[in-house]
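*Asks:* I'll drop the sequence and a predicted model, then ask my questions.
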Amino acid sequence: MKGFTMLKIVANNTLIEITTGSPYEKGNVPKYFLKFPDDSVAAVYKSGILKSVSDRNSETIRTLGGSLVDIEPDVKSGGYITSIPTAQQMERFEQTTTSLETIKERVLAGDKISITRHEHREYEHEVPTDEDILSLFKKLKNRATLLGLAQQVNKHLGAMDIIHPDVGDRDYLAFSFSQGCDGGCLKCNFQHKRKLLPRSKQELEEQIGFYKTIFSEQERAQFEIFAGNHRGLGIDFDLFKEHINRVRRDAGMREGKVFVFCNAEDILRLHAQYGQKEMEASMMRIGLHLNIGVESGSPAGLKAYGKNMNLASIRDALKILKNTKIPYSVNIVAGVDWDDHVRGTVQLFRALYRPGDNKPSIFSSEFKDKHGNVNSQLEAEQYSLFRHFLNDCGIYVFRYTFIPFNKKG
């Protein structure tokens, strides 16, 4: 029978609309979208794990990753703004999770629910049976269980610094391939140990084993892979590929792309080691999507930021990538008064790229000083300039706020 399913919980007279898709959903993993009377929507995986809670304004609190993160679509740019949830958003999250827990209690107690089916929506991937719906309700994880899972995520992954901007609204599982970073970026000083160390095979197997206990084989097969931590590609490339192959094989994650951070030094190192054709072929085979921290096209800006790489090396790395088919994006910062920052950054990209080149998406991040302050007015002005001068030559600029993926410790 076609239709999106409408359920009425007789015990407390709560009307819930359920669909198996959303017009805004990018993820591939099967899930249910439960819309409550207050217009809040809970996205829940079939395993009963809550992915997110959103409202009619599309503000979203996510639970995947070990901590609650608010991700708000930037309608004007098409990008995502990430931030710490507000008290009001947390209150809505609590209300929604309470409603989910009540549903589970009613179903487990044997209370009857009435199901009415309506028209099929074009974005729905499947039509669930009554048994499917009841099974979901019975599997729903409560807040205490979610908190426990979050703590386990953090324990297995360790400090994982930021969310990969290209992940956006996708379904992904994060893996830690390394810890620490030998970069000198001032923005990261509060997070990083200043040494990059690869994770062992045993540590990776423990991460894989954890995900296998909470997600089904069918779900895992369709998740994307976030190969953190910051500068995940900084370890030996053969070891990196071995880790990816192990995740693909042992976790059954055969279909998803691999999102990873790197820097210009990694591109130059791998290019020198393998040559352009072999480097490109190897990255394409494992489905890599790179994200590179450039930050500024101004030498003064790079120095002020603490980057170890000079502008010439950054330019050389981008030249290599523009002549490949490797998907990649670049991070820059806005809201700084470094000499020639905007002009130098715009010139870096406009001088490099021509029609037909493999161009990156660019994510503009607001700069926080050592006290955690942001010059919002200057950030908005510089972001607007980046969009104006780069979008018209086929390089699209989106907002991206630099925040922790999970809380340290």
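*Replies:* Structure received. Residues are numbered from 1 along each chain as shown.
*Asks:* by mean pLDDT, which helix or strand of this protein comes out lowest?
*Replies:* Sorting the helices and strands of the chain by mean pLDDT, DSSP states H and E puts strand 80-83 at the bottom, at a mean of 59.
*Asks:* how about the next helix or strand after it as CSV, C-alpha atoms only?
*Replies:* Using DSSP states H and E, the helix or strand that follows strand 80-83 in sequence is helix 87-108. Output of helix 87-108 as CSV, limited to C-alpha atoms (Å, rounded to 0.1, in the frame of the first residue of the first chain):
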residue,chain,number,x,y,z
ALA,A,87,19.1,26.6,25.5
GLN,A,88,15.9,26.8,23.5
GLN,A,89,17.1,24.2,21.0
MET,A,90,18.1,21.9,23.9
GLU,A,91,14.7,22.3,25.4
ARG,A,92,13.1,21.2,22.1
PHE,A,93,15.5,18.3,22.0
GLU,A,94,14.5,17.2,25.5
GLN,A,95,10.8,17.5,24.7
THR,A,96,11.2,15.5,21.5
THR,A,97,13.3,12.7,23.1
THR,A,98,10.7,12.6,26.0
SER,A,99,8.0,12.1,23.3
LEU,A,100,10.0,9.2,21.7
GLU,A,101,10.5,7.6,25.1
THR,A,102,6.8,7.8,25.8
ILE,A,103,6.0,6.1,22.5
LYS,A,104,8.3,3.3,23.3
GLU,A,105,6.8,2.8,26.8
ARG,A,106,3.3,2.6,25.3
VAL,A,107,4.2,0.1,22.6
LEU,A,108,6.1,-2.1,25.1
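*Asks:* show me the contacts for the residue lying closest to Leu34 once chain neighbours are set aside.
*Replies:* Nearest-residue entry for Leu34: Ala42, 4.7 Å, with adjacent residues in sequence omitted and distances by Cβ to Cβ, 6 or more residues apart in numbering. Just so you know, the C-beta spots here come from the backbone N, C-alpha and C atoms, and that holds for glycine as well. Residues near Ala42 by Cβ atoms under 8 Å, 6 or more residues apart in numbering: Phe33, Leu34, Phe36, Leu50, Ser52, Val53, Thr96, Thr97, Ser99, Leu100.
*Asks:* just give me the closest of the residues you listed to Glu131.
*Replies:* In terms of Cβ to Cβ, no member of the contacts of Ala42 lies closer to Glu131 than Leu34, at 17.1 Å.
*Asks:* tell me which helix or strand the closest one sits in.
*Replies:* Assigned by DSSP H and E, Leu34 belongs to strand 31-35.
*Asks:* who touches that strand?
*Replies:* 16-22, 25, 41-46, 51, 100, 128, 136, 171.
*Asks:* distance between that strand and the chain's centre?
*Replies:* Distance of strand 31-35 from its chain centroid, counting by Cα atoms, centre = their mean, to the nearest Å, is 20 Å.
*Asks:* hang on, the earlier thing: can you select the buried ones from the contacts of Ala42 in PyMOL?
*Replies:* Buried residues among the contacts of Ala42 (16 or more other Cβ atoms under 10 Å), as a PyMOL selection:
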select buried, resi 33+34+36+50+52+53+96+97+99+100
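*Asks:* and which of the contacts of Ala42 is nearest His341?
*Replies:* Ser52 (35.0 Å).
*Asks:* just the strands in the stretch 51-200 of the chain please.
*Replies:* Ranges of strands in the stretch 51-200 of the chain, per DSSP state E, counting those that start in this stretch, are 60-62, 69-73, 80-83, 113-117, 172-176, 178-179, 197-198.
*Asks:* just give me the lowest mean pLDDT stretch among those.
*Replies:* Note on the strands of the stretch 51-200 of the chain: lowest mean pLDDT is at strand 80-83, with a mean of 59.
*Asks:* neighbours of Asn323, how many?
*Replies:* Using other Cβ atoms under 10 Å, Asn323 has 12 neighbouring residues.
*Asks:* residue contacts, it?
*Replies:* Asn323 makes contacts with Gln276, Asp357, Asn358, as judged by Cβ under 8 Å, 6+ apart.
*Asks:* centroid residue for this structure?
*Replies:* Residue closest to the mean C-alpha point of the chain, counted by Cα atoms, centre = their mean, is Val167 at 3.4 Å.
*Asks:* touching, it and Ala227? I think so.
*Replies:* No - in this structure, Val167 is not within contact of Ala227 by Cβ atoms under 8 Å, at 11.1 Å.
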